[in-house]
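Trainee: Please find the sequence and the predicted model below.
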Amino acid sequence: MEEPTVMGFYDFPRPHGTRYYAADLATPEQVQGLFDYCQILRAHITAAGWIFLLERYGLAELYRLDRQSGWYDDPTLLDYCVTLRDLHHIPLRYLTPLHPYLPAPPPGTAGA
């Protein structure tokens, strides 16, 4: 039987922390809670976790949850896309329909 994919990690309780799986991110409130932990650098969302969140909630809903959380201070959805692309290396196909409007990635980054 295949192990469930870890979507994110939270530092507490110590010493092992908490792993987040798809079932732990089934509601917008749970996602916002994880974003809150990420904001204070106590949690991390894996690459698989970002893809899961984008497929389940969509870009606009994640942006809304992020605005409520205050994790990133992106004033527009387009700015949020740039953040996801540059900091989390989100593939462009998940940033549609906005990806044609994204500025070029910084030189030497994965998106370049």
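Mentor: Alright, I've got the coordinates.
Trainee: in the protein, which spans are strands?
Mentor: Remark: strands assigned in the chain by DSSP state E are 8-10, 18-20, 43-45.
Trainee: Which neighbouring elements make contact with the last one?
Mentor: Meaning strand 43-45. strand 8-10, helix 28-39 (3 or more Cβ pairs under 8 Å, 6 or more residues apart in numbering; DSSP states H and E). To be clear about C-beta, it is placed using only N, CA and C from the backbone, and glycine gets the same treatment.
Trainee: list the buried ones in the longest one?
Mentor: It refers to helix 28-39. 31-38 (16 or more other Cβ atoms under 10 Å).
Trainee: what do you get for stretch 58-74?
Mentor: 59, 62-67, 69, 71-72, 74.
Trainee: re earlier: dump the buried residues of helix 28-39 to CSV, plus distance to Ile51.
Mentor: What follows is the buried residues of helix 28-39, written out as CSV (distance: Cβ to Cβ, whole Å):
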residue, distance to Ile51
Val31, 14
Gln32, 19
Gly33, 19
Leu34, 15
Phe35, 16
Asp36, 21
Tyr37, 19
Cys38, 16
